Structures are given as structure tokens and as C-alpha cells.
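Asks: no sequence on this one, just coordinates:
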């Protein structure tokens, strides 16, 4: 492989690694959000909030829960950006392959 291709492959491996980490972080935060809601509802119950609806209301409005949502928003942004960078790279590879196939066909047509 040429040096440029090997360098590009290394970049793509790094993009894939970045995407995997970003996706793992997103999934973790999505799941942790459920746990955080339960923790905050339990705390509201301990403070005397009786109904589960009132506990959930308090938990959803809690600053810790809102901060978690901000973190989830950031994680989704990083994950989606990484995913699209990989997709764009795949599209670029497809375009390169198409161009190379066209060049081969032209060479064959001209007998070179």
C-alpha cells in the first residue's frame, strides 16, 4: 500500500475508535439517566414526597438530572459527528473506487 493510503487507513481506524467511545458514552448516559431518575425519586420520597408522580416531577426538575441531560446532549453530538465523519469517509472511498474503475475501463477501451 502507498504511504498516503496507509496514513488514511490509520485516520479511519482512529475515527472508528473515536466513534466507538462516543457511542459507548452515549449509551451509558442513556441508561444512567434511568438510574439517576430512580435515585432522585427515592431521595424525594425520603424527604416526604408521597406520590410517585410528585417524586418524578421533583426528580425531573432536579439540577443533577438537568445536568445529566446536558451531558447526554453533548455525548449525542459527539457520537453523531463521529458517525457522520465515518460515513463521509466511506463515501469518499466509494467515489475513489468508482473513479479508479472508470480509469481502468478507459485504459482498456483505448488498449493501453
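Replies: Perfect, I can see it now. Quick caveat, the model's predicted, so the values are computed rather than measured. Residues are numbered from 1 along each chain as shown.
Asks: so how far is residue 85 from the residue positioned nearest the centre of the chain?
Replies: Taking C-alpha atoms, centre = their mean, the centroid of the chain lies closest to residue 79, which sits 1.8 Å from it. According to C-beta to C-beta, to the nearest Å, residue 79 stands 11 Å off from residue 85. Quick note: C-beta positions are derived from backbone N, CA and C, even for glycine.
Asks: and if you look at residue 68?
Replies: Residue 68 is 26 Å from residue 85, by C-beta to C-beta.
Asks: so what secondary structure elements neighbour the host helix or strand of residue 105?
Replies: Here residue 105 sits within helix 63-109, counting by DSSP states H and E. Here helix 63-109 touches helix 3-46, going by 3 or more C-beta pairs under 8 Å, 6 or more residues apart in numbering; DSSP states H and E.
Asks: ok, 10 Å please
Replies: On a contact count with 3 or more C-beta pairs under 10 Å, 6 or more residues apart in numbering; DSSP states H and E, helix 63-109 meets helix 3-46, helix 52-61.
Asks: circling back: give me the common contacts of residue 79 and residue 85.
Replies: Contact with both residue 79 and residue 85 is made by residues 18, 19, according to C-beta atoms under 10 Å, 6 or more residues apart in numbering.
Asks: Just give the number of residues close to residue 90.
Replies: 11 (other C-beta atoms under 10 Å).
Asks: That's all I had, so thanks and see you.
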